[in-house]
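J.: pasting a predicted model and its sequence here:
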Amino acid sequence: MSNVRDIKNNPPADWPIERRLEYLDFSDRVVAGCRGVNALLEASYDEVVRVSRDALNVQNTQGVA
């Protein structure tokens, strides 16, 4: 979850929004393999990735790099 937050708040300088969104897709695939183990942790992850994805999508539609 820390990496997902950083993708929104403190991404690598050379990662455009498209690359950051791809990373969120990758993290979703990783987490999918762990689902069913800890519902509270899954809910926390879901919220963090939702907030990050929403923010990046807004930036993407506004043309922010």
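T.: Sure thing, it's come through.

J.: okay, and for this protein, where does confidence drop off?
T.: Of all residues in the chain, those with pLDDT under 70 make up the ranges 64-65.

J.: one more time with 90, if that's ok
T.: 57-65 (pLDDT under 90).

J.: now do the helices in it.
T.: 2-9, 17-32, 39-62 (DSSP state H).

J.: can you mark which positions in the second one are buried?
T.: Same thing as helix 17-32. The neighbour-count check on helix 17-32 (16 or more other Cβ atoms under 10 Å) flags Ile17, Arg20, Leu21, Tyr23, Leu24, Ser27, Val31 as buried. No exception for glycine: its C-beta is placed from N, CA and C like everyone else's.

J.: also the first one?
T.: Of the residues in helix 2-9, those with enough neighbours to count as buried (16+ other Cβ under 10 Å) are Val4, Ile7, Lys8.

J.: so what's the second one up against?
T.: For Ile7, the contacting residues are Trp15, Arg20, Tyr23, Leu24, Ser52, Leu56, by Cβ atoms under 8 Å, 6 or more residues apart in numbering.

J.: and the first one, by the same measure?
T.: Taking Cβ under 8 Å, 6+ apart as the contact definition, Val4 lies against Tyr23, Leu24, Ser27, Tyr45, Val48, Val49, Ser52.

J.: ok, the residue lying closest to the second one once chain neighbours are set aside to Val37 distance?
T.: Computed as Cβ to Cβ, 6 or more residues apart in numbering, the closest residue to Leu24 that is not its neighbour in sequence is Arg53, at 5.4 Å. The gap separating Arg53 from Val37 is 22 Å, by Cβ to Cβ, to the nearest Å.

J.: please apply the same query to Gln59.
T.: Gln59 sits at a distance of 32 Å from Val37 (criterion: Cβ to Cβ).

J.: which one of these two is surrounded by more residues?
T.: A direct count of neighbours by other Cβ atoms under 10 Å for Gln59 and Val37 places Gln59 higher, at 15 against 8.

J.: which residue comes closest to that one once chain neighbours are left out?
T.: Nearest non-adjacent residue to Gln59, counting by Cβ to Cβ, 6+ apart: Ile17, 5.7 Å away.
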